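> starting from these lines, generate the structure:
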Amino acid sequence: ECLVSLLFCAKMEDKETILITGSERFSNYTGYASSFDYSGPHYDKAPLDDHDRRKTTIIAMDAIYFGKSRPRRMEQCEIHNINRELNKSFCGFSYSITQRSNKLTTEDFEDEEPLPVATGNWGCGNFGGFIELKSIIQLIAASYAKRDINYFTFNDLSFSKKLTLFYKFLTQKNISVGQLYEAICSFSKHFEELEEKFNELKSIYHKKKKKLK
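Okay, the predicted model is just below:
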């Protein structure tokens, strides 16, 4: 969980992420969130760098919490929330570091191939994010950052197949990052229109209910 990092890092802004280098794992675990539980010691076998740190890099990037209620979860489809998550994930995926050095400065590695990012259903689960939307957001961010991603679906085979087919469609049709962004923006606009209509109908319903009383 890297919770000790909270002692050294300030609260992140919307366009900030935290890079944790050299983290070492000491515990095995089971579960997730409220079911998370310690299940014994772990002996990290990751190789060491020149500073005796583990050759591991973790990106800390906070997603928006939408919770479990449907009205609150639907807010993630609004364009300002989509843009916030895009900016956040781009900040995380655009850092520059390679296996061939311990330096973290961008200017030293402009010509080197960046390592792929291991990610998954970021901001979903207890945070209430839609996996379809969040996966597209991460795909756009990684593509714009010119970075490959290894996407882990946490044994969700159905979604894994959907995401694979979707990615094949994008590549076969030569869909650009800009076109994909425009598509989710268009979806967002339609959602906002539907939400306005829903709120109007809900308001009319409540007014009629009051008159009946």
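> relative to residue 31, how far out is the residue nearest the centre of the chain?
Central residue of the chain (CA atoms, centre = their mean): residue 122, 3.7 Å from the mean position. Computed as CB to CB, to the nearest Å, the residue 122 to residue 31 distance reads 18 Å. From N, CA and C alone the C-beta is placed, and that goes for glycine too.
> so where's the protein uncertain?
By pLDDT under 70, the low-scoring segments of the chain are 1, 96-113, 191-213.
> swap in 50 and give it another go.
Along the chain, segments meeting pLDDT under 50 span 97-109.
> now do the helices in it.
Applying DSSP state H to the chain gives helices spanning 70-74, 79-93, 131-144, 157-172, 177-212.
> residues of the third one that come out buried?
Buried positions in helix 131-144, judged by neighbour count with 16 or more other CB atoms under 10 Å: 131, 133-144.
> ok, the residues you listed vs residue 70, which is closest?
Nearest to residue 70 out of the buried residues of helix 131-144 is residue 133 (CB to CB; 14.5 Å).
> who's in contact with that closest one?
Residue 133 is in contact with 76, 77, 82, 184, counting by CB atoms under 8 Å, 6 or more residues apart in numbering.
> tally of neighbours for residue 82?
Residues near residue 82, counting by other CB atoms under 10 Å, number 20.
> show the contacting residues for it.
Going by CB under 8 Å, 6+ apart, residue 82 touches 76, 133, 137, 184, 185, 188.
> let's see it at 10 Å
Residues counted as contacts of residue 82 (CB atoms under 10 Å, 6 or more residues apart in numbering) are 76, 133, 136, 137, 140, 181, 184, 185, 187, 188.
> returning to that earlier point: distance to residue 90 added to the contacts of residue 133, as JSON lines?
Converted to JSON lines, the contacts of residue 133 look like this (distance: CB to CB, whole Å):
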{"residue": "76", "distance to residue 90": "17"}
{"residue": "77", "distance to residue 90": "19"}
{"residue": "82", "distance to residue 90": "12"}
{"residue": "184", "distance to residue 90": "14"}
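> the helices of the chain: which one's closest to residue 62?
Nearest of the helices of the chain to residue 62, taken as CB to CB: helix 79-93 at 7.2 Å.
> just want the angle from that closest one to helix 131-144.
Interaxial angle, helix 79-93 versus helix 131-144 (axes from the mean of the first three to the mean of the last three CA atoms, to 10 degrees): 50 degrees.
> can you list the neighbours in contact with stretch 160-172?
131-132, 135-136, 139, 143, 151-154, 156, 175-177, 179-180.
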